[in-house]
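pasting a predicted model and its sequence here:
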Amino acid sequence: MTPPLPPRRNGFWAFLCTLGRGINVVRLVIINLVFFTVLFVLLLLLTAGVAGSRMDRTLQDGTVLVIRPQGQLVEQYSIDPLQRALAGLSGDEPKQVQLRDLVGAIDAAAKDKRISRILLLPDQLQGGGFAALREVGAALDRFRAAGKPVIAWAVNLDQGQYYLAAHADRLLVDPQGGVMITGLANYRLFYKDLLDKLGVDVHLFRVGEFKSAAEPYILDHASPESKEADSYWMGGLWDSYLAETAKLRKLDPAALRADIDNLPQTIASTQGDLAQLALNEHLVDGLATRADLIAMLRKEGVAADEKGHSFRQVDLARYVAGMPSDGKLFTPGVAIVVAEGEIAGGKQSPGSIGGESTAALIRTAREDRKTKALVLRVNSPGGEVYAAEQIRREVQLTREAGIPVVVSMGDVTASGGYWISMNADRIFAEPNTITGSIGIFGMYYSVPSTLAKLGIQSDGVGTGPMAGAFDITRPLDPKVGAVIQAIINKGYRDFVGNVAKARGKTYDAIDTIAQGRVWTGQQALDRGLVDQLGGLGDAVADAASLAKLGNDYPVRYQEAPLGGFGRFLIGLNQNASVRVMQSWGLRLPSWVAQLPALAPELQLLRNAKAGTPNIYADCLCSPH
């Protein structure tokens, strides 16, 4: 008997079965593709790691440390680990250099018998304030004091790059390049006329004759008070620049100033040749192409590289990755908390200062038994008052816990930056730090005139004179303006009063030098707003002295902890095996480094919580 045929599936059921089998096949293909890709990368890293570790162990005597900082010189990375790792793996170095890495590498190289000299290539350095550059320059001076030469070479140098390069024993530029030093300026855009045309009413409330940060919204030009204050602190900064640079180059400061100011006339003497003009004015020691530079190093005894085309060298990233730790993880010492960027409320990522997040770092350092002293490294123009007050309170609590706190000011520590600094036991600043600006302001916008231009009016009733007072569709009531000004006045009194108490001065004495006025570090020292001139190393040493730690103590940075994946990415990017892979021509495509920007929706997953709905109100609609 013939067995019955299985029932025939209808068309829709067959379609679902076929679709299911297709999805399963696609799933298996994706899983296998991911598995074998990861396996390939791991095997490649293992192979390259063997070669990389061998390469690190065989850093030979007579090696030149090549320092070519690219991008901004920062206290703390603001680029997240994923972007840095992807950029490194694709051969495109992240456009930020940590000041601590640069200074630490130079100081380590001074004691490293394998490093014979430093070759400084500063023409890709973009944005480093004079205080940070001064720290690097001091490290180069310590390297030279150890009996090792520093050679600087560049195609073109601006005044910031030249400020650093002037610390070299020999400074060379390409014959087709030159040096361009122009002086300091502070020009801003003013928006009052535009806002008037748009019908936007800007109400500014401030205390401080020189508090000019919000002037662009209420004026169409800089006020006389703003120009007076800016001329004073910029003049001090420029005098310091000329004096230091002239001393390093063995020039007369007055002659250097004249050469800079008379560039339009003197350039004619060399028929527009900036490189020759720099040589004539003794800004540089010689003109050389890159080939000339290599030949000079080889002639001076530097060995050739493995291929015989260049010289024996190690770059900054590889050298930093190979630097050993101090091995004192559990020894009491000095903790450093970095506060860099604008001050804002809540939790902020590195590169910004969060009222909650930065306060939490100070609190964590204080509660750590290994912390015997705290250094707060500040590089900030200020921001939200309450967020700054949150941080200041943690500084005060740390002192009350018996832990000395020393502030080290970076390029800018002004206004809110000074607010979070004022309660430290001691404050250090560089002569060219920008600080002060003790003042406060508030702004309020209203748009009834804008709406009127569109034929829209606002009308209605309230339960009292203050009801709807902050409705931006209505004109600001002068009585409400008086309330806001009273709040701003109180904030200024708090600021000046707290500074007076912290600095051991009277209210009137601080009020005289406050008023929103900006000072250089040297000017601030003369007025009692800082205690001593010096860099981060000086502040750390002073903190250790206050804590009676002796001469041998560890220094650690208190930072928000990275997850395991973040630590893996950072370690991977710094690993010598990655350098070996790149030397073999194996690197990720350059577009991979742009993935976080190309797919911003993936950023939503960074803080997603498992096991609970994640609800977003966001607009990923930025044009590219």
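Everything's here; your move.

which stretches of the stretch 401-550 of the chain form helices?
Under the criterion DSSP state H, counting those that start in this stretch, the stretch 401-550 of the chain contains helices at 416-419, 448-453, 478-503, 507-513, 521-526, 536-546.

C-terminal to the host helix or strand of Arg21, what's the next element?
Using DSSP states H and E, Arg21 sits within helix 11-57. Remark: after helix 11-57, the chain's next helix or strand is strand 63-67, criterion DSSP H and E.

direction included, what does that next one pair against?
As defined by DSSP bridges, the strand partners of strand 63-67 come to strand 115-120 (parallel), strand 313-315 (parallel).

which elements pack onto the next helix or strand along the chain from the shortest one?
The helix or strand immediately downstream of strand 313-315 is helix 316-321, counting by DSSP H and E. The criterion is 3 or more C-beta pairs under 8 Å, 6 or more residues apart in numbering; DSSP states H and E, and the helices and strands that helix 316-321 contacts are strand 63-67, helix 99-111, helix 564-574, helix 576-583. Backbone N, C-alpha and C define where each C-beta goes, glycine included.

now do 7 Å
Secondary-structure packing of helix 316-321 (3 or more C-beta pairs under 7 Å, 6 or more residues apart in numbering; DSSP states H and E): helix 99-111, helix 576-583.

between strand 115-120 and the longest one, find me the angle.
In this case it means helix 99-111. On the basis of axes from the mean of the first three to the mean of the last three C-alpha atoms, to 10 degrees, helix 99-111 is oriented at 140 degrees to strand 115-120.

dump the residue contacts of Arg392.
Neighbouring residues of Arg392 by C-beta atoms under 7 Å, 6 or more residues apart in numbering: Trp419, Ile420, Asn423.

pick the most buried one from the strands paired with strand 63-67.
Comparing the strands paired with strand 63-67 by mean neighbour count (mean count of other C-beta atoms under 10 Å), strand 115-120 comes out on top with a mean of 22.

tell me what angle the first helix or strand past that one going along the chain forms with helix 99-111.
Under the assignment DSSP H and E, the closest C-terminal helix or strand after strand 115-120 is helix 130-145. Counting by the same axes, to 10 degrees, helix 130-145 lies at 10 degrees to helix 99-111.

from the contact counts, what lies against helix 130-145?
For helix 130-145, the elements it packs on are helix 99-111, strand 150-158, helix 159-165, strand 405-414, judged by 3+ C-beta pairs under 7 Å, 6+ apart.

helices or strands up against the shortest one?
This points to helix 159-165. So helix 159-165, by 3+ C-beta pairs under 7 Å, 6+ apart, packs with helix 130-145, strand 150-158.

can you get me a residue count around Arg68?
17 (other C-beta atoms under 10 Å).

does it touch Leu125 like I think?
No - contact between Arg68 and Leu125 fails when scored by C-beta atoms under 7 Å: they sit 8.6 Å apart.

how many residues are close by Pro175?
Using other C-beta under 10 Å, the number of residues around Pro175 comes to 16.

can I assume His221 sits in a helix?
No - counting by DSSP: H, G, I helix; E, B strand; the rest coil, His221 is not part of a helix but coil.

please name the spatially closest residue to it (chain neighbours excluded).
Computed as C-beta to C-beta, 6 or more residues apart in numbering, the closest residue to His221 that is not its neighbour in sequence is Phe190, at 6.2 Å.

distance of the one you found from Phe130?
26 Å (C-beta to C-beta, to the nearest Å).

those two: who's more crowded?
A count of neighbours by other C-beta under 10 Å puts Phe130 above the other of Phe190 and Phe130, at 25 against 15.

surely the more buried one is in contact with Asn432?
Yes - counting by C-beta under 7 Å, Asn432 is a contact partner of Phe130 at 4.1 Å.

and for these two, which residues touch both?
Counting by C-beta under 7 Å, 6+ apart, the shared contacts of Phe130 and Asn432 are Leu237.

nearest spatial neighbour of Leu256, skipping sequence neighbours?
Closest to Leu256 by C-beta to C-beta, 6+ apart is Ala246, at 4.9 Å.

kindly report the same for Trp233.
Val518 (4.7 Å).

count of residues packed around that neighbour?
Val518 - counted by other C-beta under 10 Å - has 26 other residues nearby.

next one: it from Ala509, what distance?
From Val518 over to Ala509 (counting by C-beta to C-beta), the distance is 18 Å.

pLDDT at Phe35, what is it?
For Phe35, the model assigns a pLDDT of 69.

repeat for Pro324
Pro324 is given a pLDDT of 79.

repeat that for the one 4 residues further on.
Per-residue pLDDT puts Lys328 at 67.

what's the answer for Gly382, then?
If you check Gly382, the pLDDT there is 88.

contacts only, for it.
Ile343, Ala414, Ser415, Gly416, Gly417.

which of the residues you listed has the most neighbours?
The most neighbours of any of these, using other C-beta under 10 Å, belong to Gly417, which has 30 neighbours.

any low-confidence regions in this protein?
1-17, 19, 34-58, 79-94, 326-329, 561-624 (pLDDT under 70).

want to throw the contacts of Gly382 into JSON lines with distance to Ile440?
What follows is these, written out as JSON lines (distance: C-beta to C-beta, whole Å):
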{"residue": "Ile343", "distance to Ile440": "13"}
{"residue": "Ala414", "distance to Ile440": "12"}
{"residue": "Ser415", "distance to Ile440": "8"}
{"residue": "Gly416", "distance to Ile440": "9"}
{"residue": "Gly417", "distance to Ile440": "13"}
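
between the residues you listed, which sits nearest Val173?
Ala414 (34.5 Å; C-beta to C-beta).

quick check: the closest one vs Lys479, distance?
Going from Ala414 to Lys479 by C-beta to C-beta gives 33 Å.

again, but for Thr433
Separation of Thr433 from Lys479 (C-beta to C-beta): 42 Å.

repeat for Pro350
Note on Pro350: its distance to Lys479, by C-beta to C-beta, is 43 Å.

and those two? which has more neighbours close in?
Neighbours were counted for Pro350 and for Lys479 using other C-beta under 10 Å; Pro350 has more, 19 against 10.

wasn't Ser78 part of a strand?
No - in this structure, Ser78 is coil, not part of a strand, as judged by three-state DSSP.

neighbours around it, how many?
Neighbour tally, Ser78, other C-beta under 10 Å: 15.

that one: what's it in contact with?
Ser78 is in contact with Gln96, Pro350, Gly351, counting by C-beta under 7 Å, 6+ apart.

neighbours of the first one, just the number please.
Just to be clear, that refers to Gln96. Residues near Gln96, counting by other C-beta under 10 Å, number 20.

can you name the residues bridging to it?
On the basis of DSSP bridges, Gln96 is bridged to Gln72.

so it touches Pro69, yeah?
No - counting by C-beta under 7 Å, Gln96 sits too far from Pro69 to count as a contact (9.3 Å).
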